[in-house]
Each structure stands twice: as C-alpha cells, then as structure tokens.
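**Student:** sequence-free structure coming up:
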DNA sequence: TAGTAAACCTACCGACGAGTAGATTACGAG
DNA sequence: CTCGTAATCTACTCGTCGGTAGGTTTACTA
C-alpha cells in the first residue's frame, strides 16, 4: 500500500546529525535563537524532537554546534583564498573576494553567525566574540604588515586593531546591504570595499582605482 | 515609623513612563528582547507589572517605544553636529565625532539599537532596518556630494550607497570594538576612521594624515 | 471632609516550549 | 530465523512568562 520509498527511514546517526544541524541553521537564522523552537527544528529536519536531544543535546548545545560548524566553514573559505606570501593588498583583496563569495552561497550561515550569535547572552556569545576577534587580529596583521613593509606606521600600528575592526565591520555591513541589493556581483562588492579602504574617498573622487594587477597608487 | 521619603510614590504618569522606558532599555540591552522578561523590567523600574502594561502596552509595544526613542536620540545627536553647508569631509568628520560621543555616553542605547533590534524578527525589525537605511542614505548623499563637487563619480556614484553602507558598518563595528578597548577617546576613534575612509591604507602608510583644518589631499 | 479620579498593587490564568520517560520498530550479525 | 541494538516515535511534565482581573490606596478638589 504505502510506497516503500515514502520517507528515508532508519538513517545512520551521522547522516541524521547533519540533517538536524542543517535544519537548525535554517531555523535559527530565520527566527533567531530565542524565537526558534526545538519542535520546529525537529519538524524541518524531518525527525521527532527526542532525536534532536539524543543526537545534539540541549538547545544551547545545538546552537553552539551550529555556530562552530558555520564559523569554521566561513573561516576556512576565507583562509583558502589567502596566501600569506602575497602582498598585503592582494591578501586583502583575496580575503574580501572569498568572504563575499561565501556569503553569497551561504546566506543562512552568514545570518546565523552575524545576526543571531551576537544577540544571545550566553557562554558561547563570548566564544563567538572571540572568533570575531581572531578574524580582526588576522586582518590587523595584514594592516601592520602593510605599514612595516613600507617603513611607517607609528600611529598606524598602534591603531591597527581598531582599523581592522572597522574593516571587518565594513565588510559585514556591506554583506547585509547585499541582501537587499542582490543585483550586484560578489566581485563588485569586493572591489568597492577594496577601493574604499585602500584608496579612500579622497583618492576615489580623483578618479584613481585600485586593480588587482596594478596595486597601490600609480 | 516608616520614613515618609522611603520610596518615591504616586508619581505622575509621564515620569513613570520615562522611568519604565529607561529600565526597559537597560534590560533589553543587557538580556536581549526575548530573554528579557516584563517582570524584570517592572522590577528595575521599581513598579509592578500591571503598571508597565497600563502605561506602555504589550512587550512588543514597549520594545518598539524603546527603539524609537533611542534611535531618535542617536539620530538627533548626530544631526546636531553636522551642518550640510560644510564640506563633505567635514560633514563626515563631524558626524563621526558625534556618533562616537553619543555611543560613549549611552552604551545601553547603542546596544539595544545595534545588537537587539536586528535579531528580532517582527514588524519593527523592518522599521529598524529602514532607519538604518535612512542613515546610510544620508551618508550616501555626502559621498555623492564628494564626487559631484569634484566632477567625478561615474562609478563612485553608482556604488555610493554600497560605500555608505560599508562606512556605517565600519563605524558600528568600531563602536563595538570600543566596548572591549575603553582606553581610547571618542575623538581618536573618529580620527582613525576618518583617516581610513578618506585617505585609505594606501595613503596612510605613506604617512599622510587627514586633519580637520587641512581637509582633502594637499 | 467627602468624593472622585488616577496611581498602584497582589494574585492569578493560559499558552508555549524545553526537556524526558518509556515503548516500538527496523536493520544487521550470527 | 532470531535476537540484540540502534533508530525512532508518542505522549507526557513542568517551569516560565506574557497578559489580566479586580481591588486598594493616595492626592487633589469642591
């Protein structure tokens, strides 16, 4: 009577865990941590609630695992495109391209990391902050390298971390803006930001443009 | 027996409303919208729960009123320091100074606006997004003015809104970074960001610095 | 000083959602 | 074939929290 392929049943644990995590990312990113219910996660995942608890633990556990997985994916994606042997501006450029590319392909991941993780005042809120801080430090390293390589940077070095924070925030904000303006390519976004932070408005209005193969000012 | 000044009692409605709103901003900023309870708001405000409902309405109403009040305060603070007759770079400079000054003096306001408002998926989440969008448009206007004033900006004009979004995000991110590094003055933050967006890294490492009295490039 | 309106409270309800108890069913090994 | 174990479900408990009913107290006013 019932078709035998009605529903994928009795799947091995690891597969179910992945499905549940996927569902959780979706639900958390759509509703936010508090508004999301475990029932909904279970429903989206196509399993019953006790499975979620058996495999992934409490709601906090589940959320933490989502965050960690997605953060790792994002960081890996960015790291893959960046080679520390490249010149600082090329490192920035590559990182930005990878970042926007990832966000474009993984909206839910990005939303759950950016919007939800910060607003949860728990133990892993700190964890997330630290991840973001690490990212900032990586960028700061590039900023410092930019300065030292050119033998400058008294003030720039001191303020490197702040500048890096600003840059990271600019990228994040641009990613959010992107959600409302999808008719722009990821590469274009990256080039906008690269021009902004490398040349600044002062140079931009003079018509200068930064390009990958023609770095720095003319 | 009991001192007659034991507790401020029987206060007029408008005073109580302000107290409750103040408490709500505090509680929402500390715990987030969902985790915050009306009981706690009432307790912090020093009144009983029905008063909160009688005066401010439902939890959503209360939150919306918090958001609107604090957003207005922030926007007014920034607008006060900016004169549209000034040159674009001076407008940016003044706006940034006002912004960081406000954030420094009103951490809770800033937190409730930045962290909580975005993560609540409701009707006013949209409202908040629109407020932020308006801010971005204001900045975009300055960016465009920068371009047109100097007779350029084909690409810059087209990307003005994106650049403005990036700039706003950079300021927000720097404000968040500030929470963990309070040993920096608001003015210094503003000057960092101003140097970044006006000159860019490319110029910064060459030792150029933007100063209020010596605007634009030499 | 009585009367009235506004300020204010205690005590409760109902819904919702995290988390669990305990049974049940399918798959693989021997 | 059967038997153990892993996968899975239904159906509950219980705490929390948004929201309210209904009464009580204070201050002002005529």
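**Tutor:** Right, received. Where do you want to start? Everything quoted here is computed from the prediction, not taken from an experiment. Numbers count the residues shown, from 1 in each chain, chains lettered A, B, ... in the order given.

**Student:** C-alpha only now, for contacts and for neighbours.
**Tutor:** Noted.

**Student:** Low-confidence regions, chain A specifically.
**Tutor:** A:1-8, A:121-122, A:147-158, A:202, A:204-209, A:211, A:213-218 (pLDDT under 70).

**Student:** Give me the domain ranges for it.
**Tutor:** A:11-57, A:66-204 (automatic domain parsing).

**Student:** would CSV of those with mean neighbour count be doable?
**Tutor:** Below are the domains of chain A laid out as CSV (neighbours: other CA atoms under 10 Å in any protein chain shown):
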stretch, mean neighbour count
domain A:11-57, 18
domain A:66-204, 19
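
**Student:** and residue B:49, which of those domains is closest to it?
**Tutor:** The closest of these to residue B:49 is domain A:11-57. By CA to CA, the value is 22.2 Å.

**Student:** Distance to residue B:190 added to the domains of chain A, as TSV?
**Tutor:** Shown next, in TSV, are these (distance: least, CA to CA, whole Å):
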stretch	distance to residue B:190
domain A:11-57	32
domain A:66-204	11
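
**Student:** Tabulate the ones you listed (a markdown table), appending distance to DNA strand C.
**Tutor:** Output for the domains of chain A, formatted as a markdown table (distance: least, CA to the nearest atom of the strand, whole Å):
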| stretch | distance to DNA strand C |
| --- | --- |
| domain A:11-57 | 3 |
| domain A:66-204 | 13 |
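
**Student:** now the ones you listed in CSV, with distance to chain B?
**Tutor:** Converted to CSV, the domains of chain A look like this (distance: least, CA to the nearest CA, whole Å):
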stretch, distance to chain B
domain A:11-57, 6
domain A:66-204, 4
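
**Student:** Relative to residue B:180, which of these is closest?
**Tutor:** domain A:66-204 (10.3 Å).

**Student:** how far does that closest one sit from the chain's center?
**Tutor:** How far domain A:66-204 lies from its chain's middle: 8 Å, per CA atoms, centre = their mean, to the nearest Å.

**Student:** Can you confirm whether it lies near DNA strand D?
**Tutor:** No. Shown here: domain A:66-204 not in contact with DNA strand D (CA under 7 Å from any atom of the strand), separated by at least 13.0 Å.

**Student:** what ranges do the helices span in chain A?
**Tutor:** When assigned using DSSP state H, the helices of chain A occupy the ranges A:13-31, A:38-45, A:49-56, A:59-81, A:88-105, A:107-111, A:117-119, A:123-149, A:154-158, A:160-180, A:186-204.

**Student:** now what about stretch A:94-109, what contacts it?
**Tutor:** A:25-26, A:29-30, A:70, A:74, A:77-79, A:81-82, A:110, A:171, A:175, A:186-187, A:189-190, A:194 (CA atoms under 8 Å, 6 or more residues apart in numbering or on different chains).

**Student:** and if you look at stretch A:26-38?
**Tutor:** A:40-41, A:44, A:49, A:52, A:59, A:63, A:108-109, A:111-112, A:115-117, A:120, B:34-35, B:119-121.

**Student:** Go again with 7 Å.
**Tutor:** If you take CA atoms under 7 Å, 6 or more residues apart in numbering or on different chains as the criterion, stretch A:26-38 is touched by A:41, A:49, A:108, A:111, A:112, A:116, B:34, B:119, B:120, B:121.

**Student:** Can I get those residues in JSON lines including distance to residue A:98?
**Tutor:** Below are those laid out as JSON lines (distance: CA to CA, whole Å):
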{"residue": "A:41", "distance to residue A:98": "30"}
{"residue": "A:49", "distance to residue A:98": "36"}
{"residue": "A:108", "distance to residue A:98": "17"}
{"residue": "A:111", "distance to residue A:98": "17"}
{"residue": "A:112", "distance to residue A:98": "18"}
{"residue": "A:116", "distance to residue A:98": "22"}
{"residue": "B:34", "distance to residue A:98": "34"}
{"residue": "B:119", "distance to residue A:98": "25"}
{"residue": "B:120", "distance to residue A:98": "29"}
{"residue": "B:121", "distance to residue A:98": "28"}
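
**Student:** one step back: nearest to residue B:141, of the helices of chain A?
**Tutor:** Closest among the helices of chain A, using CA to CA: helix A:186-204, at 13.3 Å.

**Student:** Which elements pack onto the closest one?
**Tutor:** helix A:88-105, helix B:186-204 (3 or more CA pairs under 7 Å, 6 or more residues apart in numbering or on different chains; DSSP states H and E).

**Student:** relative orientation of that helix and helix A:88-105 in degrees?
**Tutor:** Counting by axes from the mean of the first three to the mean of the last three CA atoms, to 10 degrees, helix A:186-204 lies at 140 degrees to helix A:88-105.

**Student:** burial of the residue of chain A found nearest DNA strand D, as a residue count?
**Tutor:** Taking CA to the nearest atom of the strand, DNA strand D has its nearest neighbour within chain A at residue A:10, 3.0 Å off. For residue A:10, the count of nearby residues is 7 (other CA atoms under 10 Å in any protein chain shown).

**Student:** State the distance from it to residue A:51.
**Tutor:** Distance of residue A:10 to residue A:51, computed by CA to CA, to the nearest Å: 12 Å.

**Student:** before we move on, what about residue A:17?
**Tutor:** 9 Å.

**Student:** again, but for residue A:63
**Tutor:** Taken as CA to CA, the span from residue A:63 to residue A:51 is 15 Å.

**Student:** Likewise for residue A:77?
**Tutor:** 31 Å.

**Student:** Please apply the same query to residue A:70.
**Tutor:** For residue A:70, the distance to residue A:51 - CA to CA - is 22 Å.
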